[in-house]
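>>> model this:
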Amino acid sequence: MEFLENLIVEVPILNTGMMINLVKSLFLLGIFLIINFLIKKFLINKVEDVRSRYHWRKFSNYAIALIVVLAIGRLWFEGIQTLATFFGLLSAGIAVALKDVIASFAGWVFIISRRPFAVGDRIQIGDKSGDVIDLRLFEFTILEIGNWVGGDQSTGRIVHIPNGKIFTQDLVNYETGFKYIWNEIGVTITFESNWKKAKQIMFDIASTRPDHITSSVESQIKRTAKKYMIYYNKLTPIVYTDVRDNGVRLTLRYLCDVRKRRSSAEDIWENILLRFAEHSDIDLAYPTQRFYDNLAEGKPGTKPAYYTQNVNASDHDRQGTDKP
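Model (predicted):
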């Protein structure tokens with residue numbers, strides 16, 4: 001810095017207060033950029049773990065940016081000796097004009113301190129769902145899932161969301177505590193089918209899946225329940241029975257990996273179709289149209305009163321004429 005000051009004094013055009021600060025600022029910025037480059041090249045790039053390397057690169061960028069702001073700020077605002085005073089004056093001038101930017105910065109502070117989600121988590125914020133692939137000072141990025149694609153699978157689109165949305169939008173984290181969610185599969189069979197047998201078949205299929213909940217996963221869920229007010233008394237699959245217009249509805253409820261909802265449903269459905277085909281007393285129901293003739297098919301107590309009276313009178317008259 002002493003060499004730089006002597007050079008500025010010798011060049012008349014640079015020997016002004018504003019120009020001196022400008023040259024010093026550019027010099028400091030260049031120095032810190034070089035330092036950041038060297039840190040990434042010789043230290044961070046040698047980290048083999050992708051997730052750790054990503055976090056270290058982000059930390060390096062933020063740390064250097066903060067140091068640059070403080071160092072250059074002290075050049076331009078002489079007399080400002082404390083960080084609180086500097087940021088107080090800075091925020092007072094730009095609070096109104098950069099309201100959204102400040103909200104996004106506050107959102108970033110909230111995200112890294114409270115950690116409602118982390119890079120790699122699957123989340124939903126507002127009407128957007130996806131896997132978090134990047135987190136920056138003013139925005140985070142997700143790889144979108146859902147939308148026109150079923151089964152919570154990726155659409156291939158990258159969505160950038162301002163960090164400030166964390167304060168105004170509902171946030172859902174699919175992976176907080178444990179990476180399992182409840183999924184349901186509904187199967188409707190005809191009224192004439194053996195629904196008890198079908199119900200047992202569906203339960204057996206869900207209980208014998210290769211990725212069925214193990215004891216280790218169960219203990220993981222119970223540990224999470226100690227941190228959050230979660231009550232899961234039953235973690236094994238269960239089949240509920242209901243009646244619909246076109247048949248008996250059997251709903252299978254089971255835990256599955258958050259990223260395997262579609263594949264697990266496909267596996268269960270294929271097994272259901274194969275197993276049901278083996279039994280002649282189980283048929284899947286589907287919408288049909290049937291005409292019901294109450295007079296011909298209905299039970300005596302369900303027929304209209306006038307019809308019953310006429311039939312009884314006809315029977316009485318016929319019995320009278322049959323007498324000798």
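>>> show me where the stretch 51-200 of the chain has helices.
Secondary structure of the stretch 51-200 of the chain, counting by DSSP state H, counting those that start in this stretch: helices at 83-94, 99-114, 195-207.
>>> check which helix or strand residue 249 maps to.
Per DSSP states H and E: residue 249 is located in strand 247-257.
>>> so what strands line up beside that strand?
Next to strand 247-257 in the sheet, as set by DSSP bridges, lie strand 180-189 (antiparallel), strand 238-244 (antiparallel).
>>> tell me the angle of the shortest one relative to helix 195-207?
An angle of 140 degrees separates the directions of strand 238-244 and helix 195-207 when computed by axes from the mean of the first three to the mean of the last three C-alpha atoms, to 10 degrees.
>>> how many neighbours does the nearest residue to residue 28 once chain neighbours are set aside have?
Closest residue to residue 28 apart from its sequence neighbours, by C-beta to C-beta, 6 or more residues apart in numbering: residue 71 at 5.3 Å. All C-beta spots, glycine's among them, are computed from the backbone N, C-alpha and C. Applying other C-beta atoms under 10 Å, we find 15 residues neighbouring residue 71.
>>> what's the average pLDDT for stretch 268-288?
For stretch 268-288, mean pLDDT is 91.
>>> can you count the residues close to residue 186?
Neighbourhood size, residue 186 [other C-beta under 10 Å]: 12.
>>> same question, residue 267
Close neighbours of residue 267, defined as other C-beta under 10 Å, add up to 17.
>>> please, which helix or strand holds it?
Counting by DSSP H and E, residue 267 is part of helix 261-277.
>>> give me the beta-bridge partners of the residue nearest in space to the middle of the chain?
In the chain, the residue lying closest to the centroid (C-alpha atoms, centre = their mean) is residue 123, at 3.0 Å. For residue 123, the beta-bridge partners are residue 130, residue 173 (DSSP bridges).
>>> just checking, it touches residue 135?
No - here residue 123 lies out of contact with residue 135, judged by C-beta atoms under 8 Å, at a distance of 11.4 Å.
>>> identify all contacting residues around stretch 182-198.
Residues from elsewhere that reach stretch 182-198, judged by C-beta atoms under 8 Å, 6 or more residues apart in numbering: 202, 241, 244, 246-256, 261, 264-265, 268-269, 272, 276, 279, 281-286.
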